[in-house]
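In: quick one: sequence plus predicted model below, questions after.
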Amino acid sequence: MGISGLWDSIPDAIERVSSSHLEGKVIAVDLACWVMADKSIANSRMVSHSKDKQVQNFFVRNLFSRVVRLLELGVVPVIVTDGKAPEAKMKTMASRLGQAELKSTNRKRFAQVLKKCTDLLDALGIQWISAPGSQNA
């Protein structure tokens, strides 16, 4: 879910490059960041209560589109997924989710989303790795 203040602490390491410069490279992708980028959609009443499978699985469609785009660019993506979040991250997670406290660090709904995503990655033959905890733990 990201490391707070990371980019501010390593400004000299930041370099914007054209996507064409990524050809032939292997890149790691934080799947949680991609899923959380669509957080407002995921939390919308329309998605959570929709019976339309296409609407319910929008995050799988978005993942498919992003992975296909990387492959078209000649990039080899390696997707990294979260494991169980450490207890130390509970306040941060609660604040991001707008809740006073969380009942479980397992994040069941999020785990279901990641499972659908990793099923897609398996079907596409894309390598993914499950981190033992949150990626930034």
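Out: Okay, I see it.
In: need the contact list for residue 57.
Out: Residue 57 is in contact with residue 116, counting by Cβ atoms under 8 Å, 6 or more residues apart in numbering. Any C-beta I mention is one placed from the backbone N, CA and C, and that applies to glycine too.
In: please pull out the lowest mean pLDDT helix or strand from this structure.
Out: Sorting the helices and strands of the chain by mean pLDDT, DSSP states H and E puts helix 45-49 at the bottom, at a mean of 54.
In: the protein: helices as residue ranges?
Out: 6-9, 31-37, 39-42, 45-49, 53-56, 58-72, 90-97, 108-124 (DSSP state H).
In: please identify the buried residues of the last one?
Out: Neighbour counts using 16 or more other Cβ atoms under 10 Å place 110, 113, 114, 117, 118, 120, 121 of helix 108-124 among the buried residues.
In: how about stretch 63-74?
Out: Per 16+ other Cβ under 10 Å, stretch 63-74 contains these buried residues: 63, 64, 67, 70.
In: how about those in TSV, adding distance to residue 18 and pLDDT?
Out: Formatted as TSV, the buried residues of stretch 63-74 follow (distance: Cβ to Cβ, whole Å; pLDDT from 0 to 100):
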residue	distance to residue 18	pLDDT
63	23	94
64	23	96
67	20	96
70	14	95
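In: now those as TSV including distance to residue 14?
Out: Below are the buried residues of stretch 63-74 laid out as TSV (distance: Cβ to Cβ, whole Å):
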residue	distance to residue 14
63	25
64	29
67	24
70	20
